[in-house]
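**Student:** My questions are about this predicted structure, shown below with the sequence.
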Amino acid sequence: MAMEKVIKKLRSLRRKSGYSQEYVADLAGISVSTVSRIESSPECAKLGNICKLCSVYNVSPAVLFSQDENEPILTAILTRDMIQSIFFKKDSLTIEIS
């Protein structure tokens, strides 16, 4: 059930942005059929592809997966570059909290 909400948010972000599935697929570097499957079938959504879509919409995966949009989440303060580093380059990331 929770994954269905994530998929619904992704679909809503695409529509609000005015993007076609083809355009999103091109920006994310995934196939159009993958975007379509993600939006229509939550069980087909892989975390890596969801993160690529988050990058397209400039939204943190933490916000996408949160139950409450106003809920403070530590990872929501990560920059887009940090998120891309984690999910695309697979480099290690050290965060110091003071």
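**Tutor:** Cool, got the structure.
**Student:** Show me which positions of the lengthiest helix in the chain end up buried.
**Tutor:** Under DSSP state H, the helix in the chain containing the largest number of residues is helix 2-17. Using 16 or more other C-beta atoms under 10 Å as the test for burial, helix 2-17 gives 6, 7, 9, 10, 11, 13, 14. No exception for glycine: its C-beta is placed from N, CA and C like everyone else's.
**Student:** can I get these in JSON lines with pLDDT?
**Tutor:** Formatted as JSON lines, those follow (pLDDT from 0 to 100):
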{"residue": "6", "pLDDT": "84"}
{"residue": "7", "pLDDT": "86"}
{"residue": "9", "pLDDT": "87"}
{"residue": "10", "pLDDT": "89"}
{"residue": "11", "pLDDT": "90"}
{"residue": "13", "pLDDT": "90"}
{"residue": "14", "pLDDT": "91"}
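**Student:** now, the most widely separated pair of the residues you listed?
**Tutor:** Spanning the widest gap among these are 6 and 14, at 13.1 Å by C-beta to C-beta.
**Student:** any common contacting residues for those two?
**Tutor:** Residues touching both residue 6 and residue 14 by C-beta atoms under 8 Å, 6 or more residues apart in numbering: none at all.
**Student:** what's next to stretch 16-34, contact-wise?
**Tutor:** Under the criterion C-beta under 8 Å, 6+ apart, residues 14, 35, 36, 39, 49, 52, 53, 55, 56, 57 lie in contact with stretch 16-34.
**Student:** Out of those, which sit inside helices?
**Tutor:** 14, 35, 36, 39, 49, 52, 53, 55, 56, 57.
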